[in-house]
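Trainee: the sequence and its predicted three-dimensional model are supplied below.
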Amino acid sequence: APASNLKVVTDRFKYYHPWINSTAYDLDNNVIFSKYASEAAQGTRTADLLIASAPNLWVYASRKKYMLKFDPLELAAFPKFAKQYPGIFIISPDPAIIMYNKLVLKGKVPQSLTEMANDPGTYGKLTGYTVDNQFGYTGFWGYVQKKGWSALEKLGKSRFIATTGVAGQRSLVSQGAATAASLTSPTVRLGIETDPNLSKILGWTYNKDATPLIPRGMGITAKAASPASAKLFLNWLFTKAGQQAMCDAGFTAFRNNFVPKSCSNTLADVYAKVGAKNVILVPFSQKFVNDQPAFAKRWHGIFG
């Protein structure tokens, strides 16, 4: 998870558990799992908790038994999909959103990827993830399950600037090199909502023709050196206090019937604004893993 977003959560955890120190490393999803595998094999100090928005890699981690079998105490207060495998949980079903330049679009709020693809005169160039990024593949795969390839084919490489991360997308949209970022990470909400200078330029909204939920997974490692502290952290994330922290940090609170204070980053808000029939939770599944080579080939055929 982006360091600035995760720091909001770990600082709040520190408030409730002042005797525990936590250190977070902001790494690429592939590196997270390969680094853990390497350190665990060597018997050196490794991560106690892994966080990644990469369903295919969690399938692999489950098969390799990387994670400790442990259930958070308040897991029953969440939708059943919160637990994907023994010891592997979704801590934030993140909607792929639209970030846009309010000044360039002169106050017009884009409603969907389909609208932007069909109106090159208004929207011009867009940006977003490359399919080679795990968040990117997850978002595109989920979108295509609902809407097919039509909007993506209309965009093509002449109108789409692919990037490897959300920071690059924010820079392109802020500078006006792209009018909007499609199917991007909702972690951008934190900066837009807390930085007055940024909020003058950028806005965000849901992608209302189809919203993929990118599951941000988490688990305690089997070789954790501080398993008790890791269990406390995971337990706390599933409490109301933990959900409030997640919402405040720009992640997605999804505890059943939980209404956070002064924050609207919730799964209930996604369903209310987009409609349940237009939302798809991308699963931790073998089909998702198996689809990747052919899906990526077709995506590169469109965008280069």
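Mentor: The structure has been received and is ready for your questions. Numbering: from 1, shown residues only.
Trainee: just list the residues touching residue 253, thanks.
Mentor: Taking C-beta atoms under 8 Å, 6 or more residues apart in numbering, we find residue 253 in contact with 243-244, 246-247, 260, 263, 265-267. For the C-beta atoms, the positions are set from N, CA and C on the backbone; glycine is no exception.
Trainee: 10 Å instead?
Mentor: Counting by C-beta atoms under 10 Å, 6 or more residues apart in numbering, residue 253 touches 92-93, 240, 242-247, 259-260, 263-269.
Trainee: can you name the residues bridging to it?
Mentor: Beta bridges link residue 253 to residue 266, judged by DSSP bridges.
Trainee: for residue 30, see how far away it is.
Mentor: Separation of residue 253 from residue 30 (C-beta to C-beta, to the nearest Å) stands at 28 Å.
Trainee: any weak-confidence spans in the stretch 1-150 of the chain?
Mentor: The stretch 1-150 of the chain contains no residues with pLDDT under 70.
Trainee: before we move on, the earlier item: in strands only, show me the contacts of residue 253.
Mentor: Taking DSSP state E, the ones among the contacts of residue 253 that sit in strands are 92-93.
Trainee: confirm residue 212 sits in a helix?
Mentor: No - read with DSSP: H, G, I helix; E, B strand; the rest coil, residue 212 is strand and lies in no helix.
Trainee: which parts of the stretch 101-250 of the chain are strands?
Mentor: Using DSSP state E, counting those that start in this stretch, the strands found in the stretch 101-250 of the chain span residues 126-129, 160-163, 180-184, 202-206, 211-220.
Trainee: for those strands, which one sits closest to residue 86?
Mentor: Comparison of the strands of the stretch 101-250 of the chain against residue 86 by C-beta to C-beta identifies strand 211-220 as nearest, at 9.2 Å.
Trainee: any idea of the angle the closest one forms with strand 180-184?
Mentor: Using axes from the mean of the first three to the mean of the last three C-alpha atoms, to 10 degrees, the inter-axis angle of strand 211-220 relative to strand 180-184 is 50 degrees.
Trainee: going forward can the numbers begin at 47, since that is how I track them
Mentor: Let's use 47 as the start, then, which means that last one is strand 257-266.
Trainee: one step back: which members of the contacts of residue 299 are classed as buried?
Mentor: 138-139, 288-293, 306, 309, 311-315 (16 or more other C-beta atoms under 10 Å).
Trainee: quick one: which of those residues is nearest to residue 188?
Mentor: residue 139 (11.0 Å).
Trainee: what number of residues lie near the closest residue to the closest one other than its chain neighbours?
Mentor: Spatial nearest neighbour of residue 139, chain neighbours left out: residue 259 (4.2 Å); criterion: C-beta to C-beta, 6 or more residues apart in numbering. Burial of residue 259 is recorded as 24 neighbouring residues (other C-beta atoms under 10 Å).
Trainee: give me the beta-bridge partners of residue 259?
Mentor: Applying DSSP bridges, one finds that residue 259 bridges with residue 141, residue 327.
Trainee: that one and residue 191, how far apart?
Mentor: For residue 259, the distance to residue 191 - C-beta to C-beta - is 12 Å.
Trainee: correct me, but the residue nearest to residue 139 touches residue 188?
Mentor: Yes - here residue 259 reaches residue 188: they are 7.1 Å apart, a contact under C-beta atoms under 10 Å.
Trainee: for residue 198, what are its contacts?
Mentor: By C-beta under 10 Å, 6+ apart, the neighbours of residue 198 are 159, 163, 174, 186, 189-190, 206, 228-229, 344-345, 348-349.
Trainee: make it 7 Å
Mentor: residue 348 (C-beta atoms under 7 Å, 6 or more residues apart in numbering).
Trainee: kindly report the same for the one 3 residues further on.
Mentor: Contact criterion C-beta under 7 Å, 6+ apart gives 163, 172 as the residues in contact with residue 201.
Trainee: check it and give its pLDDT.
Mentor: We note a pLDDT of 95 for residue 201 in this prediction.
Trainee: circling back: tell me, what's touching residue 259 and residue 188 both at once?
Mentor: Joint contacts of residue 259 and residue 188 (C-beta under 7 Å, 6+ apart) are 326, 328.
Trainee: which parts of the stretch 97-246 of the chain are helices?
Mentor: With DSSP state H, counting those that start in this stretch, the ranges of helices along the stretch 97-246 of the chain come out as 101-109, 159-164, 166-169, 180-193, 196-205, 212-221, 234-240, 242-247.
Trainee: point out the most buried one among those.
Mentor: helix 180-193 (a mean of 22; mean count of other C-beta atoms under 10 Å).
Trainee: now do that one and strand 257-266, the angle between them.
Mentor: Angle, helix 180-193 to strand 257-266, by the same axes, to 10 degrees: 140 degrees.
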